[in-house]
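Novice: only geometry, no sequence info:
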């Protein structure tokens, strides 16, 4: 399936399956389109663009894992799951000292993943 067809399929999945209780403070479709456009405009890979388009799909739509994996592949699904885990991070900061760079991750107590 071409990138354009996958893009259209992602939008169809989102539009047709939005849950009633979807976040009313942040309209889902415009948000996902902005994320996808940003990733595409900045020349991220097709996999990253598709994952960006779908990053809220498990939380705010009725699409099961199998639908995402069958259409977009396991790698896109894994990135979507990773994003759900990253949302639990309270703070993510880059720290640079000399020629070394590291990321400092702060998880709120009670949301720590062990």
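Specialist: Received it, and whenever you're ready, just let me know what you need. As the structure is a prediction and not an experimental result, all values here were calculated from the model. Numbering: from 1, shown residues only.
Novice: per-residue pLDDT, the nearest residue to residue 59 once chain neighbours are set aside?
Specialist: Distances taken as Cβ to Cβ, 6 or more residues apart in numbering place residue 84 nearest to residue 59, at 7.0 Å, with adjacent residues excluded. The C-beta positions use only the backbone N, C-alpha and C, and glycine is treated the same way. We have a pLDDT of 76 for residue 84.
Novice: so which residues of the chain form strands?
Specialist: 91-97, 100-106 (DSSP state E).
Novice: hang on, isn't the residue nearest to residue 59 packed against residue 57?
Specialist: No - Residue 84 is beyond contact range of residue 57, at 10.3 Å (criterion: Cβ atoms under 8 Å).
Novice: neighbour count for the two, which is higher?
Specialist: Just comparing residue 84 and residue 57: by other Cβ atoms under 10 Å the higher neighbour count belongs to residue 57, 23 against 13.
Novice: so who does the more buried one touch?
Specialist: The neighbours of residue 57, taking Cβ atoms under 8 Å, 6 or more residues apart in numbering as the test, are 10, 13, 14, 32, 63, 68, 80.
Novice: ok now stretch 39-48, how far from the chain's centre?
Specialist: On the basis of Cα atoms, centre = their mean, to the nearest Å, stretch 39-48 sits 13 Å off its chain's mean C-alpha point.
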